[in-house]
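K.L.:
Okay, sequence plus prediction incoming.
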Amino acid sequence: MPAKNGDKVKVHYKGTLEDGTQFDSSEGRDPLEFTLGANQVIPGFEKAVDGMESGDKKTINIPSDEAYGQYRDDMVVDVPRNMIPGNIDPQPGLQFMVPTRDGGGQPVTVLEMSEDSIKLDANHRLAGKDLTFEIELVEFKNAN
(Lines give C-alpha, C1' and ligand atoms only; values in the text may rest on other atoms or scores of the structure.)
Protein backbone atom coordinates (compact mmCIF):
# COMPACT_ATOMS: atom_id res chain seq x y z
CA MET A 1 0.00 0.00 0.00
CA PRO A 2 1.54 3.34 -1.01
CA ALA A 3 1.92 6.44 1.16
CA LYS A 4 -0.76 9.10 0.58
CA ASN A 5 -1.94 12.48 1.89
CA GLY A 6 -2.39 12.48 5.64
CA ASP A 7 0.12 9.66 6.23
CA LYS A 8 3.04 10.27 8.57
CA VAL A 9 6.23 9.30 6.70
CA LYS A 10 9.89 8.83 7.60
CA VAL A 11 12.49 9.25 4.86
CA HIS A 12 16.23 9.26 4.49
CA TYR A 13 17.47 11.67 1.85
CA LYS A 14 20.47 13.34 0.27
CA GLY A 15 20.08 16.69 -1.48
CA THR A 16 22.50 17.95 -4.13
CA LEU A 17 22.75 20.89 -6.51
CA GLU A 18 23.13 20.57 -10.28
CA ASP A 19 26.93 20.55 -9.97
CA GLY A 20 26.77 17.64 -7.49
CA THR A 21 27.47 19.73 -4.37
CA GLN A 22 25.65 18.20 -1.40
CA PHE A 23 23.62 20.77 0.57
CA ASP A 24 21.83 18.47 3.03
CA SER A 25 21.49 14.85 4.09
CA SER A 26 19.87 12.77 6.80
CA GLU A 27 22.92 10.49 6.90
CA GLY A 28 23.95 9.86 10.50
CA ARG A 29 20.66 11.29 11.78
CA ASP A 30 17.15 10.02 12.36
CA PRO A 31 15.02 9.97 9.21
CA LEU A 32 13.09 13.12 8.34
CA GLU A 33 9.51 12.73 9.57
CA PHE A 34 6.58 14.69 8.16
CA THR A 35 2.91 14.36 7.24
CA LEU A 36 2.13 14.13 3.53
CA GLY A 37 -0.12 16.97 2.40
CA ALA A 38 0.63 19.19 5.41
CA ASN A 39 3.09 21.48 3.55
CA GLN A 40 5.91 20.69 6.00
CA VAL A 41 8.49 20.18 3.23
CA ILE A 42 8.99 21.72 -0.21
CA PRO A 43 6.24 20.81 -2.72
CA GLY A 44 8.46 18.80 -5.09
CA PHE A 45 9.80 16.65 -2.24
CA GLU A 46 6.28 15.97 -1.00
CA LYS A 47 5.11 15.00 -4.51
CA ALA A 48 8.04 12.60 -4.84
CA VAL A 49 7.23 10.75 -1.60
CA ASP A 50 3.48 10.55 -2.36
CA GLY A 51 2.84 7.06 -3.74
CA MET A 52 6.08 5.49 -2.51
CA GLU A 53 6.01 2.30 -0.44
CA SER A 54 8.21 1.36 2.52
CA GLY A 55 11.69 0.46 1.27
CA ASP A 56 11.25 2.30 -2.06
CA LYS A 57 14.17 4.44 -3.23
CA LYS A 58 14.22 7.06 -5.97
CA THR A 59 16.22 9.97 -7.28
CA ILE A 60 14.26 13.04 -8.33
CA ASN A 61 15.03 16.42 -9.82
CA ILE A 62 13.02 19.29 -8.37
CA PRO A 63 12.89 22.58 -10.31
CA SER A 64 13.28 25.73 -8.24
CA ASP A 65 9.57 26.55 -8.65
CA GLU A 66 8.73 23.37 -6.68
CA ALA A 67 11.56 23.91 -4.18
CA TYR A 68 12.40 27.31 -2.67
CA GLY A 69 11.10 29.41 -5.56
CA GLN A 70 12.83 31.79 -7.91
CA TYR A 71 15.50 34.17 -6.68
CA ARG A 72 13.77 37.51 -6.13
CA ASP A 73 15.68 40.76 -6.56
CA ASP A 74 13.02 42.57 -4.51
CA MET A 75 14.17 40.57 -1.47
CA VAL A 76 17.59 42.25 -1.61
CA VAL A 77 17.56 45.55 0.24
CA ASP A 78 19.97 48.24 1.36
CA VAL A 79 19.47 49.28 4.97
CA PRO A 80 21.21 52.05 6.89
CA ARG A 81 24.03 50.74 9.08
CA ASN A 82 22.39 52.24 12.16
CA MET A 83 19.42 49.87 11.67
CA ILE A 84 21.63 46.85 12.47
CA PRO A 85 21.64 45.96 16.19
CA GLY A 86 24.90 46.77 17.95
CA ASN A 87 25.44 43.13 18.98
CA ILE A 88 25.80 42.12 15.30
CA ASP A 89 29.12 42.60 13.55
CA PRO A 90 28.03 42.54 9.89
CA GLN A 91 30.42 40.83 7.50
CA PRO A 92 29.68 39.51 4.00
CA GLY A 93 28.15 36.04 4.32
CA LEU A 94 26.89 36.56 7.87
CA GLN A 95 23.36 35.28 8.42
CA PHE A 96 21.09 36.59 11.16
CA MET A 97 17.40 37.01 11.96
CA VAL A 98 15.57 40.28 11.38
CA PRO A 99 12.39 40.79 13.45
CA THR A 100 9.16 40.88 11.45
CA ARG A 101 5.93 42.77 12.17
CA ASP A 102 4.14 39.56 13.18
CA GLY A 103 6.63 38.95 15.98
CA GLY A 104 8.55 36.30 14.07
CA GLY A 105 11.84 36.59 12.27
CA GLN A 106 13.21 36.55 8.73
CA PRO A 107 16.67 35.11 8.09
CA VAL A 108 18.88 37.43 6.02
CA THR A 109 22.40 37.23 4.64
CA VAL A 110 24.80 40.18 4.46
CA LEU A 111 25.88 40.58 0.82
CA GLU A 112 28.03 43.71 0.97
CA MET A 113 28.64 46.80 3.02
CA SER A 114 29.44 50.44 2.48
CA GLU A 115 30.21 53.15 4.98
CA ASP A 116 26.54 54.10 5.28
CA SER A 117 24.54 50.98 4.40
CA ILE A 118 24.44 47.20 4.35
CA LYS A 119 22.96 45.12 1.53
CA LEU A 120 20.84 42.26 2.93
CA ASP A 121 19.41 39.29 1.04
CA ALA A 122 16.21 37.71 2.42
CA ASN A 123 16.04 34.98 -0.24
CA HIS A 124 16.39 31.38 0.95
CA ARG A 125 19.95 30.19 0.26
CA LEU A 126 18.55 27.65 -2.22
CA ALA A 127 16.19 30.05 -4.02
CA GLY A 128 16.54 29.89 -7.78
CA LYS A 129 18.28 26.51 -7.69
CA ASP A 130 17.10 23.22 -9.12
CA LEU A 131 17.63 20.42 -6.59
CA THR A 132 18.24 16.68 -6.82
CA PHE A 133 17.20 14.35 -4.02
CA GLU A 134 17.91 10.70 -3.39
CA ILE A 135 14.99 9.54 -1.23
CA GLU A 136 14.30 6.31 0.64
CA LEU A 137 10.92 5.83 2.31
CA VAL A 138 11.86 4.13 5.57
CA GLU A 139 8.33 3.74 6.92
CA PHE A 140 4.93 5.35 7.08
CA LYS A 141 1.78 5.20 9.16
CA ASN A 142 -1.59 5.39 7.46
CA ALA A 143 -3.76 8.33 8.48
CA ASN A 144 -6.80 6.04 8.70
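P.N.:
It's in. Just so you know, these numbers come straight off a predicted model, no measurement behind them.
K.L.:
Report the secondary structure state of residue 98.
P.N.:
Secondary structure state of residue 98, per DSSP: H, G, I helix; E, B strand; the rest coil, is strand.
K.L.:
same thing with residue 119?
P.N.:
Following three-state DSSP, residue 119 is assigned to strand.
K.L.:
Kindly provide the distance from it to residue 85.
P.N.:
Residue 119 sits at a distance of 17 Å from residue 85 (criterion: CB to CB, to the nearest Å). Where C-beta positions appear, they are placed from N, C-alpha and C, glycine not excepted.
K.L.:
Name the residue in these two with the higher neighbour count.
P.N.:
residue 119 (17 against 9; other CB atoms under 10 Å).
K.L.:
Quick check: beta-bridge partners of that one?
P.N.:
residue 78, residue 112 (DSSP bridges).
K.L.:
now the helices for the protein?
P.N.:
Ranges of helices in the chain, per DSSP state H, are 43-49.
K.L.:
wait, doesn't residue 91 sit right on residue 112?
P.N.:
No: applying CB atoms under 8 Å, one finds residue 91 not in contact with residue 112, separated by 10.2 Å.
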